[in-house]
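> Next come a sequence and a model predicted from it.
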Amino acid sequence: MIRRALSNLLSNAIRYAPRGRSVTVLLNLVADKASVCIANPGPIITPEHLTHIFERFYRPDSSRQRSSEGSGLGLAIVKTIVEAHGGRVSASSTADATQFEVVFPAAQRSIR
């Protein structure tokens, strides 16, 4: 299921990145947390839309919509999957990039 969540985020980032621009994926493991950040230089998502972006059927402003793509469920599915695995997901957007970050507690390993 985590693969599905990350696939949704990555496909959205690719879909909204301007042609010829790159999508950035960063993986990080620090102390007790593992994170994945996916960013693209696409259209900004304004703060009033960011507060609702993970709601079912929510569609942000028209600059990010394409009439034949999506139902507004992808990010709600991402949030449900991530939270079911004990993680959290967040989004931020500036003129430079829109970024989604997924953070999971790192697996505890015992050394014997």
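Now that the structure is in, tell me what you want to look at. Computed from a prediction, not measured in an experiment: that's the story for all the values here. Residues are numbered from 1 along each chain as shown.
> tell me the mean pLDDT over stretch 21-38?
Across stretch 21-38, the average pLDDT comes to 94.
> And that stretch, what's buried?
Neighbour-count burial for stretch 21-38 flags 23, 34-38 (criterion: 16 or more other C-beta atoms under 10 Å). (Glycine included, C-beta is placed from N, CA and C.)
> Most widely separated two among those?
Val23 and Ala34 (19.8 Å; C-beta to C-beta).
> tell me the secondary structure for Phe57?
Under DSSP: H, G, I helix; E, B strand; the rest coil, the three-state class of Phe57 is coil.
> ok, and the helix or strand in the protein with the lowest average confidence?
helix 47-50 (a mean of 91; mean pLDDT, DSSP states H and E).
> Which is the succeeding secondary structure element to that helix?
helix 74-84 (DSSP states H and E).
> Identify each buried residue in that following helix, please.
In helix 74-84, the ones that count as buried by 16+ other C-beta under 10 Å are 74-76, 78-82.
> For the residues you listed, give me CSV that also has pLDDT and distance to Asn12.
Below are those laid out as CSV (pLDDT from 0 to 100; distance: C-beta to C-beta, whole Å):
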residue, pLDDT, distance to Asn12
Gly74, 89, 6
Leu75, 94, 8
Ala76, 94, 12
Val78, 96, 9
Lys79, 96, 13
Thr80, 96, 16
Ile81, 95, 14
Val82, 96, 14
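> In JSON lines: those, plus distance to Ala91.
Output for the buried residues of helix 74-84, formatted as JSON lines (distance: C-beta to C-beta, whole Å):
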{"residue": "Gly74", "distance to Ala91": "12"}
{"residue": "Leu75", "distance to Ala91": "8"}
{"residue": "Ala76", "distance to Ala91": "12"}
{"residue": "Val78", "distance to Ala91": "10"}
{"residue": "Lys79", "distance to Ala91": "10"}
{"residue": "Thr80", "distance to Ala91": "15"}
{"residue": "Ile81", "distance to Ala91": "15"}
{"residue": "Val82", "distance to Ala91": "12"}
